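*Asks:* Next one to model:
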Amino acid sequence: MPPKKDDKKEAQAEPADKLQAELAALQGVKQDLELGHAILVDKLKQSKAENDRLLQEVDNLKARIGNATQDYVDILQHREEQIKLAEVRNNALQQQVERLQAEIGQCNEEFARLKEDNNKQAEKLDTASSLLSDKERLEETVRKQHDLIDQRGAEIKAARAQIEAKEQALDKARSHIEELSLKCQAATKLQVLFGEPWLVQTSRMKLKGTFPWDREYNILACSAGGKQLVLHGGQSRSHDNVSKETAILTLDSLSWEQPDSAVQAIGLLGHTATAVGRNKLMVFGGSLGEEASAGALVLSTDTMRWSSIATNSVHQPPPRLSHAAVAVREKVYIFGGMTIDGHLLNDLWCLDLDNMQWTHCTCYGYTPTPRKGASLCATEDGRRLYLFGGHTGQRLVNDCYYLEVERLMWSQIHPTGTAPEPRENHVAATLGKHMFVAGGCGEAAAAPAGSNLTAGLAALGGAAATATGGAAGGAGRRLNDTHVLGMFTGPAWEQLDDGSWCNNLMWLKQMSVGSVMHGNRLYTLQPNLHEQLTELQVIELTLPEDIERMKTAKRRDQEQVDRLELLEDAAATSNSIQVNWRPPSKNKERITGFKLMVATITGMIQNIRHGMQYRSCVRYSNY
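*Replies:* I've put the predicted structure just below:
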């Protein structure tokens with residue numbers, strides 16, 4: 001804060017008081033000098049008077065003392081010398097007086113200069129006082145401006161909050177519109193396949209949560225209970241570390257999550273995943289960058305944590321990637337693939353999950369040629385494994401083989417109808433008497449003469465690219481069609497979906513695995529323009545036998561029964577049985593729930609279902 005006016009006046013008054021004191025002192029000195037000068041002048045006058053008197057006496061004595069003149073000459077000379085000395089002293093005092101007068105003149109000039117400086121300081125003080133007043137006035141104005149700015153800032157903040165609320169509402173409305181738009185694209189149609197009616201329901205849904213990035217050479221698997229989709233590994237040129245990530249899509253809430261506990265230290269690509277048990281997902285092989293893996297990992301879908309599998313085998317499958325795998329009850333089969341240096345394989349290995357031992361299967365019959373990127377699936381009774389497609393090193397193929405598991409006998413089948421386009425990195429699954437093939441990477445153009453797998457892979461560069469390179473001679477083309485193979489009654493191909501829904505999606509990655517089938521549902525993830533997996537397409541199939549079962553159930557529901565009874569149309573698979581029942585017709589509306597119990601092999605009775613459903617799925621691996 002600036003000093004007050006009184007303080008400034010006091011500060012400026014102090015030098016003036018000192019000057020006044022010095023001036024008074026000088027006046028006293030001047031008066032003393034003037035007094036001394038007057039005394040000297042009086043003395044001089046007295047000396048002159050004395051001199052005149054003496055001259056008079058001399059003149060008088062000359063007359064009276066004629067003869068004593070010579071005696072008085074000496075006295076006169078002595079007196080003259082004294083007079084000269086007095087005159088010298090007088091001259092000195094005169095010079096001193098003049099010097100003092102000069103000093104008094106300088107003091108007067110200094111006093112005038114100090115007075116002028118004092119006037120200037122007073123003017124400056126007045127100016128400072130005026131500036132202080134202006135400053136206080138400006139501070140008051142600034143304070144008012146700050147208050148106004150704060151008020152305007154609060155208004156802007158409120159306006160921004162309203163804008164954000166409006167934008168959130170707008171985003172919510174857009175999301176709702178997108179969801180409605182996707183729901184409007186849902187369709188239910190009746191298709192005739194293999195001469196029988198199939199009910200095909202197609203729906204598209206908007207996903208939520210933290211969207212994972214689209215990638216290539218990844219795995220997409222469904223948990224054994226069919227409640228979650230697991231996306232793991234792969235590579236992306238636009239985003240790093242996707243090979244280490246694990247994304248979980250909960251199908252009930254359609255929400256993505258990427259748990260930190262499921263992030264791996266080393267990324268994988270070109271590996272396989274199979275659902276084993278109730279809550280586990282087994283991952284085998286893949287590329288670790290500069291080398292391939294021969295290890296097996298297990299992801300628990302309950303804890304979302306990875307653990308390694310310790311096997312008891314002396315012999316284990318060699319490291320590989322881009323192979324095929326399938327789980328049959330308590331066994332996992334691995335076929336083909338390739339080594340990190342591009343050598344293709346066609347061996348078959350089996351891991352027994354009961355004793356954790358690998359077995360090299362010596363097969364017979366018409367063994368498939370070495371290949372990578374093929375698919376392997378099993379029939380519901382687990383007696384046959386079906387192999388389809390892949391890359392043989394020279395070209396993509398669409399041939400089909402099956403293995404009789406008990407005899408380890410390979411056979412090639414030549415179905416009728418229009419076979420799917422040759423492809424690799426596709427998905428295949430069985431449902432009843434049919435095998436479904438979806439997605440994959442097809443040829444973009446014909447391969448040049450003399451091309452081979454090594455040349456095509458070397459174009460991508462790097463060990464990982466060499467291990468996971470696309471079709472030789474071209475960049476490849478993403479396929480999204482779905483085909484069905486009737487496996488038993490005269491093998492034949494039929495097309496279920498031509499995949500035209502994605503013809504305009506130019507950003508789809510060619511080697512991405514975005515489809516998986518569980519039960520009678522085919523799930524397909526769809527990326528947006530920013531390579532985020534934001535949509536899910538579900539194709540739900542109702543087979544002819546299921547349509548007949550629905551008709552029978554409808555007729556049965558119209559019948560009147562007087563007790564709770566299990567139905568005889570239980571649907572059994574290799575690892576589960578679908579149990580159906582119906583309540584008594586009388587007082588049906590009073591029933592609040594059903595309880596289903598099962599006897600285990602140890603004789604224990606366990607409750608496995610409680611609710612209002614009229615059916616339940618019992619898995620053998622759980623009991």
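
*Asks:* could you show me where the helices are in the stretch 401-550 of the chain, in order?
*Replies:* Assigned by DSSP state H, counting those that start in this stretch, the helices in the stretch 401-550 of the chain fall at 453-458, 463-467, 544-558.

*Asks:* where does the chain dip in pLDDT?
*Replies:* Scanning the chain for pLDDT under 70 picks out the ranges 1-13, 68-69, 445-475, 556-561, 567-577, 600-623.

*Asks:* residues contacting the most centrally placed residue in it?
*Replies:* The residue lying closest to the centre of the chain (Cα atoms, centre = their mean) is residue 210, at 10.2 Å. Contacts for residue 210 (Cβ atoms under 8 Å, 6 or more residues apart in numbering) come out as 247, 256-258. Just so you know, the C-beta spots here come from the backbone N, C-alpha and C atoms, and that holds for glycine as well.

*Asks:* so which of these is the most crowded?
*Replies:* Using other Cβ atoms under 10 Å as the neighbour test, these are led by residue 247, with 23 neighbours.

*Asks:* In a helix, it, correct?
*Replies:* No - with DSSP: H, G, I helix; E, B strand; the rest coil as the criterion, residue 247 is located in strand rather than a helix.

*Asks:* Tell me if I'm right that it and residue 263 touch.
*Replies:* No - between residue 247 and residue 263 there is no contact under Cβ atoms under 8 Å: 10.5 Å.

*Asks:* sorry, back to before: filter the contacts of residue 210 down to the ones in strands?
*Replies:* 247, 256-257 (DSSP state E).

*Asks:* Quick one: classify residue 77 as helix, strand or coil.
*Replies:* Going by three-state DSSP: residue 77 is helix.

*Asks:* Distance of it relative to residue 593?
*Replies:* To residue 593, residue 77 is 162 Å away according to Cβ to Cβ, to the nearest Å.

*Asks:* looking at this protein, which residue lies furthest from center?
*Replies:* residue 67 (141.2 Å).

*Asks:* and it, how far is that from residue 77?
*Replies:* 19 Å.

*Asks:* Just give the nearest non-adjacent residue to residue 317, would you?
*Replies:* Nearest residue to residue 317, sequence neighbours excluded (Cβ to Cβ, 6 or more residues apart in numbering): residue 349, at 4.2 Å.

*Asks:* Beta-bridge partners for that neighbour, please?
*Replies:* residue 334, residue 360 (DSSP bridges).

*Asks:* number of nearby residues for it?
*Replies:* 22.

*Asks:* surely it meets residue 337?
*Replies:* No - judged on Cβ under 8 Å, residue 349 makes no contact with residue 337 at a distance of 10.4 Å.

*Asks:* so what's residue 435 bridging to?
*Replies:* Counting by DSSP bridges, residue 435 forms beta bridges with residue 430, residue 485.

*Asks:* which residues touch stretch 28-40?
*Replies:* 90, 93, 96-97, 100, 104.

*Asks:* Enumerate every residue touching residue 238.
*Replies:* Contacts of residue 238 (Cβ under 8 Å, 6+ apart): 213, 531.

*Asks:* do the same with residue 258
*Replies:* Shown in contact with residue 258 (Cβ under 8 Å, 6+ apart): 210, 212, 245-248.

*Asks:* so where does residue 94 fall, helix or strand?
*Replies:* Per DSSP states H and E: residue 94 is located in helix 69-184.
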